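Engineer: structure, please.
(one chain, ligands or ions: 1)
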Amino acid sequence: MKRTRINPISKKRSKELRHRKKLWPNIIVRDGGNCVLCGRGGCSVHEVIQRGASGHKTMLTQCFVEKNMCVLCLACHAKAHNPKTKARILQTLHARHGYDYSEEPWSRYFDEVHTGEEC
Ligand SMILES: [Zn+2]
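Structural biologist: Now for the predicted structure:
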């Protein structure tokens with residue numbers, strides 16, 4: 001059966017995207033416009049834990065909160081899906097801003113063993 005999609009983005013989704021865009025300036029100011037991992041000029045705002053990532057289907061709105069977002073440069077963004085990189089991001093944000101990551105889904109990444117400066 002053929003379905004015509006007039007509006008490919010649902011109302012709920014577009015509301016979320018607007019909400020996310022509203023947060024961006026805050027994130028960029030908070031991080032000084034620089035990548036939180038290497039300090040170089042950042043070029044994107046990244047969500048540490050992605051909406052709909054496996055096992056996190058319930059966190060549709062939690063994803064777009066300041067403690068889950070940070071500025072990354074292109075090189076670090078490419079590694080940002082590695083759990084160790086997520087741990088480094090969360091630990092860095094925690095040290096700088098005191099965000100609480102003791103709850104799921106952040107806790108599983110925050111507690112990831114931190115093995116030096118390999119990335
Ligand atoms: Zn970087």
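Engineer: correct me, but M69 touches I27?
Structural biologist: Yes: if you go by C-beta atoms under 8 Å, M69 and I27 touch, sitting 4.8 Å apart. Backbone N, C-alpha and C define where each C-beta goes, glycine included.
Engineer: residues of the chain that sit close to the ion?
Structural biologist: For the chain, the residues in contact with the ion (C-beta under 5 Å from the ion) are C35, L37, C38, C73, C76.
Engineer: list the buried residues for the lengthiest helix in the chain?
Structural biologist: Using DSSP state H, we find that the single longest helix of the chain is helix 11-30. Across helix 11-30, burial judged by 16 or more other C-beta atoms under 10 Å covers E16, R20, L23, I27, I28, R30.
Engineer: and it, how far out from the chain middle?
Structural biologist: 12 Å (C-alpha atoms, centre = their mean, to the nearest Å).
Engineer: just the residues contacting the following helix or strand past that helix, thanks.
Structural biologist: Downstream of helix 11-30, the first helix or strand assigned by DSSP states H and E is strand 44-47. Applying C-beta atoms under 8 Å, 6 or more residues apart in numbering, the contact partners of strand 44-47 are 20, 23-24, 27-28, 63-64, 68-74, 77, 80, 89.
Engineer: hmm, which of those are the buried ones?
Structural biologist: 20, 23, 27-28, 63-64, 68-73, 77, 80, 89.
Engineer: can you list the weak-confidence ranges in the chain?
Structural biologist: Regions of the chain meeting the criterion pLDDT under 70 cover residues 1-7, 52-62, 113-119.
Engineer: now do the contacts for A75.
Structural biologist: C38, R40 are the contacts of A75 under C-beta under 8 Å, 6+ apart.
Engineer: check which helix or strand covers it.
Structural biologist: helix 74-79.
Engineer: picking up where we left off before, now, which of the buried ones among the contacts of strand 44-47 sits nearest the ion?
Structural biologist: C73 (3.5 Å; C-beta to the ion).
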